[in-house]
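> got a sequence here, can you model it:
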Amino acid sequence: MGVPLDTICGFYHRHVEIVAHIFQQCEFTSLIRMSHPLVVLRTLTLDCDFNVWLTEAVTSFATSKDWSGLDCLLAFLWAIWLTRNNLRFRSEVYSPAGIFATAATWVARSKEARDLSNLSQPSCPPGFGPSLPHFIRLNDPTVECDICLTFDGSWSDKDHRAGMGWYLSSDLSSPPIGGGAQAGFSSSALHVELLACLLGLRHTWDQGYSSVRVFTDCCQVRTLLWGQMSDSISVRPLGFA
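Next comes the predicted model:
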């Protein structure tokens, strides 16, 4: 028969808990939103479509390159969701101060990651760290590369959760023209780096590019790829920039 689930909002115990209610309509989270410094959060009305509002808000911050504002928005929503989960599954005590503290922690972490990225690659999307440029090429290594692929992976040795991200650009200093990300599980830090490389190369191939220059901060990836040959792929180290 399954396990019965409580579908009532854990914060205010009055309404069915759906996404729009948690972030938009709940009396508790609405009270917190009204005291947030971001105008876009304070002016979120109860009658608008939450998904449309969130899409427009994120697009606005990204278009204006207001990464700090985007950090604050996403960190606040993430803090509410984490608090909801801790309440629902661990019966933890919650408070407005705790939500703001959690959000501030994630804003600080995002800023640190972005500052580190900007030291080496100011045009890279937020979240991509500095990469040492190891080069490989598909197909004929004498042909000029069609596209640049930058990838990176993250891995937790506690629960083996992993994240892989990649983006394409005409060169390392140019804005991204495409990319992607994927979450999952991995057996090691090297494993997730190789998965990120594989996913990025698949994306590159699907986009119709026949040659690619790869940028990675993992020396083991370059070592493993060095000298691998087949009829359809030729991988050769071209040195460091």
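> can you list the buried residues in the lowest-mean-pLDDT helix or strand in the chain?
The helix or strand of the chain with the poorest confidence is helix 219-225; it has a mean of 75 (mean pLDDT, DSSP states H and E). Within helix 219-225, the residues that count as buried by 16 or more other C-beta atoms under 10 Å are 221, 222, 225. Placement of C-beta: from N, CA and C, glycine included.
> go through stretch 10-18 and flag the buried ones.
Using 16+ other C-beta under 10 Å as the test for burial, stretch 10-18 gives 10, 11, 12, 17.
> next up, the contacts around the third one.
Under the criterion of C-beta atoms under 8 Å, 6 or more residues apart in numbering, the contact partners of residue 12 comprise 26, 27, 28.
> any of those residues buried? List them.
Judged by 16+ other C-beta under 10 Å, buried ones among those: 26, 28.
> among the contacts of residue 12, which lie within helices?
The helices, defined by DSSP state H, take in 27, 28 from those.
> out of the contacts of residue 12, who's nearest residue 167?
residue 26 (35.9 Å; C-beta to C-beta).
> check that closest one and give its pLDDT.
You'll see residue 26 listed with a pLDDT of 86.
> quick one: it from residue 100, how far?
For residue 26, the distance to residue 100 equals 16 Å [C-beta to C-beta, to the nearest Å].
> same question for residue 32.
Between residue 32 and residue 100 the computed distance is 8 Å (C-beta to C-beta).
> between the two, who's got more neighbours?
Per other C-beta atoms under 10 Å, whichever of residue 32 and residue 100 has more neighbours is residue 32, with 21 against 16.
> tell me if I'm right that the more buried one and residue 95 touch.
No. Between residue 32 and residue 95 there is no contact under C-beta atoms under 8 Å: 9.7 Å.
> and residue 38, what is it in contact with?
If a contact means C-beta under 8 Å, 6+ apart, then residue 38 has 69, 72, 73, 76 as its contacts.
> leaving out chain neighbours, which residue sits closest to the first one?
Distances taken as C-beta to C-beta, 6 or more residues apart in numbering place residue 61 nearest to residue 69, at 4.9 Å, with adjacent residues excluded.
> need the next SSE after the helix or strand containing the one you found, C-terminal direction.
Using DSSP states H and E, residue 61 sits within helix 50-63. Counting by DSSP H and E, the next helix or strand C-terminal to helix 50-63 is helix 67-90.
> mind listing what's buried in that next one?
So, applying 16+ other C-beta under 10 Å, buried residues of helix 67-90: 67, 69-77, 79-80, 82-84, 86.
> pLDDT (mean, whole number) over it?
89.
> what residues does it touch?
Outside of helix 67-90, the residues within contact range by C-beta under 8 Å, 6+ apart are 10-11, 22-23, 29, 32-33, 36-38, 40-41, 54, 57-58, 61-62, 92, 94, 98-100, 102-104, 106-107, 110-111, 114, 126.
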